[in-house]
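> Okay, predicted coordinates and the sequence, questions at the end:
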Amino acid sequence: MFRAVRLSTSGIRSLTQTRPCYSAPLASRCYSHAKVETDEEFDARWVTYFSKPDIDAWELKKGMNTLIGYDLVPEPKILDSALRACRRLNDLASAIRILEAVKDKSGPHKDIYPYLIQELQPTLIELGISTPEDLGMDIL
Amino acid sequence: MSLAKPAMRGLLGKRLRFHLPIAFALPLVAAAAFKYGVTEPRKQAYANFYKQYDTTAEFNNIREAGVFESVRPTGK
C-alpha cells in the first residue's frame, strides 16, 4: 500500500531526540517492526508500476499523484518509465505536465530540474516530448 | 559539462527538522521575553506605586477638590 510521509511535530521531536534512523521518504518510525524499504526497492517498484504495458489513463494519473505526494523528487528512471507510459497512452499533455510537476516539486532547489532534464534528454528526444521551456510555458 | 546528481529525497523532512524546532522555540522565547521584559516590570511598577500610596491622604485631596458628592470639602 502507499504510505505517504507524515511528520507530526511530536514525531519530529521524538525523531530528533532519538537517533535518526530513517532514510526513506516512507513512514518509518523508529519503533516499528516493519521492514524499511530501501530507495532502490522504492524506485524499482515505481518503474514497474509505470512499465505495465496496458496501463490505463487512470492508473497513470493515480500513480503520478501518489508519487508527487511523497517527500522526494522522482528519480530519472521512474520519470522515464512514466513518460513511456504517456507515450503508450498517446498523452503528450500528461508527459509535459510530469515535467512541470517535478520542477515544482524541487521547490527552492534549483539544481534538481536541470539535472533531470539532462538525464531524460535521450528519452525526450526519442519520444518527441518538448519541455515546458521549449514551449514557453515556464513563464507565468 | 554534465551536472552532478543533487540530493532528491527527504528535502522537506530536512527543512522541517531544521525549522520546526526553531518555530517552536522562537515563540516561547518571544513570550518569555515579553513576560519578563514588559509585564513583570509593569506589575512591579503598580505594586511599588500602591506600596507608597496613602489612601486617606489621597481621599482628602480629592475631597478638597470638591468632586465628591457624598462628602463636602472641609469648608473653610
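Nice, I can see it.
> And for residue A:132, the neighbour number?
For residue A:132, the count of nearby residues is 15 (other CB atoms under 10 Å in any protein chain shown). Glycine gets a C-beta too; all of them are placed from N, C-alpha and C.
> Residue B:2 versus that one, what's the distance?
For residue A:132, the distance to residue B:2 equals 21 Å [CB to CB, to the nearest Å].
> what's in contact with the helix or strand harbouring residue B:63?
Under the assignment given by DSSP states H and E, the secondary-structure element containing residue B:63 is helix B:55-64. With CB atoms under 8 Å, 6 or more residues apart in numbering or on different chains as the contact definition, helix B:55-64 has outside contacts at B:68, B:71, B:72, B:73, B:74.
> can we see that at 10 Å?
Contact partners of helix B:55-64, identified using CB atoms under 10 Å, 6 or more residues apart in numbering or on different chains, comprise B:54, B:68, B:70, B:71, B:72, B:73, B:74, B:76.
> Can you tell me the SS state at the residue nearest in space to the middle of chain A?
Among the residues of chain A, the one closest to the centroid is residue A:74, at 2.9 Å (CA atoms, centre = their mean). Classification of residue A:74 using DSSP: H, G, I helix; E, B strand; the rest coil returns coil.
> who touches it in this structure?
Contact analysis of residue A:74 by CB under 10 Å, 6+ apart lists A:42-43, A:46-47, A:50, A:64, A:67-68, A:80-82, A:98, A:101-102, A:105, A:116, B:8-9.
> how much space is there between it and residue A:107?
Where residue A:107 is concerned, residue A:74 sits at a distance of 14 Å (CB to CB).
> Next: residue A:120.
From residue A:120 over to residue A:107 (counting by CB to CB), the distance is 19 Å.
> Also residue A:99?
15 Å.
> Which of those two has more residues huddled nearby?
Remark: of residue A:99 and residue A:107, residue A:99 carries more neighbours, 23 against 12, as counted by other CB under 10 Å.
> Look at that one and report its pLDDT.
With respect to pLDDT, residue A:99 has a value of 97.
> Any buried residues in the helix or strand containing it, and which?
In this assignment (DSSP H and E), residue A:99 forms part of helix A:92-105. For helix A:92-105, a neighbour-count test (16 or more other CB atoms under 10 Å in any protein chain shown) marks A:94, A:95, A:96, A:98, A:99, A:101, A:102, A:103, A:105 as buried.
> After that helix, which helix or strand is next? Please name it.
Once helix A:92-105 ends, the next helix or strand along the chain (criterion: DSSP H and E) is helix A:112-127.
> which residues touch that following helix?
Helix A:112-127 is contacted by residues A:73-77, A:79-81, A:83-84, A:86-87, A:92, A:95, A:98-100, A:102-106, A:109, A:129-134, A:138, B:2-8, B:11 when judged by CB under 10 Å, 6+ apart.
> can you pull the pLDDT of residue 14?
Since you didn't name a chain, this refers to chain A. Looking at residue A:14, its pLDDT is 43.
> Actually, chain B is the one I wanted.
Here the pLDDT value assigned to residue B:14 is 96.
> Residue 43 - how many residues pack around it?
No chain was given, so I picked chain A. Taking other CB under 10 Å as the neighbour definition, residue A:43 ends up with a count of 18.
> let's do chain B instead
The number of residues packed near residue B:43 is 10, by other CB under 10 Å.
> Having no further points to raise, I will conclude here.
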